[in-house]
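1. Sequence first, then the predicted structure:
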Amino acid sequence: MFTPAIFHQPHTFILPTGGHLNYATAGDPQQPALLLLHGFPQTHVLWRRVAQQLGARYFLVMPDLRGYGDSFKPADEAEQAQMSKRAMAQDVVQLMQSLGHEQFFLCGHDRGGRVSHRLALDHPQRVRKLAVLDIAPTLDMYASTDMDFARAYYHWFHLIQPAPLPERMIAGDALPYLHTKLGGWGNAGLSIFEPQALAEYERCFTPATIHTMCEDYRASAGIDLAHDRLSRERGEKVACDLLVLWGARGVVQRMFQPLALWQAQCAGTVSGQTLPCGHYMPEECPDEVARLLGEFMAE
């Protein structure tokens, strides 16, 4: 297991409903808390460079989401409820409560951004400010799917196929598949990942994790959409201020209007900008991400 120097030793949180979350921390627990959520196909190690910049001002909590990294792999449930963003959000709320933080700043990249969005809707009293990195709202992205988007994000439609087809196809040549994902979406290939971080992502890309990753995407194409539609019907919006950052070379920049889409889903002030990078912003542009997060969260 790779533990970056800025991180405290990894911890294990036993969830009240069963299972466990692996998580790392950085900084002083007496400082304001910032919960950082990674995405596909990574782990909490994603935040190592951002943590170097923010660890002096915030208490950083960086879990592996359920189904990812060294966190538990939940048993399958109907409609993939076990990998719904609602369930994943509940996990990390309980983690933060266990650490004594009833309120916290929140930032999510990729799938972690979608968990963060659901957390802000389900637990508005918990989130002081929210930042999402390189995503538009899931419901809007699916609703505007066309040929160009299907080509660019083909994994959205491959991974949701019934089990075990995508799992078997990926497992047939797993590491090249992982490297293709990490090097794509406008990124500068694998050069942005130091060997220790890449080795950690490879270590965690096991058959069990591949399955729960697929279940994550199946949930996003089913139960998560149902939750999102119901929230919109009820007029539920993100209550706090929202920062939106996205990569200038990525799919979100090319195919969506992220600021406008997020403004429609937020009752607070929405700000944001592009950064000169691809999808994996915390690793390719860590200084800019950390600076903008710090400015946004400053009170």
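-> Okay, I see it.

2. Pop out the phi and psi values for Ala174.
-> In this entry, Ala174 is assigned phi and psi values of phi -60, psi -50 (degrees, to the nearest 10).

3. I'd like to know how far it sits from Gln42.
-> To Gln42, Ala174 is 15 Å away according to Cβ to Cβ, to the nearest Å. The C-beta positions use only the backbone N, C-alpha and C, and glycine is treated the same way.

4. Between those two, tell me which one has more neighbours.
-> For Ala174 versus Gln42, neighbours defined as other Cβ atoms under 10 Å are more numerous around Gln42 (29 against 16).

5. what's the closest non-adjacent residue to the more buried one?
-> Distances taken as Cβ to Cβ, 6 or more residues apart in numbering place Tyr201 nearest to Gln42, at 5.7 Å, with adjacent residues excluded.

6. right, and that neighbour touches Thr43 too?
-> Yes: Tyr201 is within contact range of Thr43, at 6.7 Å (criterion: Cβ atoms under 8 Å).

7. since we're on the nearest residue to Ile135 once chain neighbours are set aside, how many residues are nearby?
-> Closest residue to Ile135 apart from its sequence neighbours, by Cβ to Cβ, 6+ apart: Gly113 at 4.3 Å. The number of residues packed near Gly113 is 27, by other Cβ under 10 Å.

8. same thing with Gln94?
-> Counted with other Cβ under 10 Å, Gln94 comes out at 16.

9. For it, give its distance to Tyr23.
-> Taken as Cβ to Cβ, the span from Gln94 to Tyr23 is 12 Å.

10. same deal with Phe7?
-> Distance, Phe7 to Tyr23, by Cβ to Cβ: 10 Å.

11. Compare Tyr201 and Thr43 and say which is more crowded by neighbours.
-> Thr43 (27 against 21).

12. Next, the contact list for the more buried one, please.
-> Asp64, Tyr68, Gly69, Asp70, Glu200, Tyr201, Cys204 (Cβ atoms under 8 Å, 6 or more residues apart in numbering).

13. if you set the cut-off to 7 Å instead, what comes out?
-> Shown in contact with Thr43 (Cβ atoms under 7 Å, 6 or more residues apart in numbering): Asp64, Tyr68, Gly69, Glu200, Tyr201, Cys204.

14. Can you get me a residue count around the closest residue to it other than its chain neighbours?
-> Distance criterion Cβ to Cβ, 6+ apart; nearest residue to Thr43, sequence neighbours excluded, is Gly69 at 3.6 Å. Other residues within reach of Gly69, judged by other Cβ under 10 Å, total 24.

15. what helix or strand is Gly69 on?
-> Gly69 belongs to no helix or strand when assigned by DSSP states H and E.

16. any idea how far Phe193 is from it?
-> Distance from Gly69 to Phe193, by Cβ to Cβ: 15 Å.

17. same thing with Val92?
-> According to Cβ to Cβ, Val92 and Phe193 sit 24 Å apart.

18. Counting neighbours, go ahead and name the busier of these two.
-> Comparing Val92 with Phe193 by other Cβ under 10 Å, the one with more neighbours is Val92, at 27 against 22.

19. how close does that one sit to His44?
-> Distance from Val92 to His44, counting by Cβ to Cβ: 11 Å.

20. in the stretch 151-299 of the chain, which spans are strands?
-> Along the stretch 151-299 of the chain, the segments classed as strands by DSSP state E, counting those that start in this stretch run 242-247, 270-275.

21. Comparing these, which comes out most buried?
-> Among the strands of the stretch 151-299 of the chain, strand 242-247 has the highest mean neighbour count (mean count of other Cβ atoms under 10 Å), at a mean of 25.
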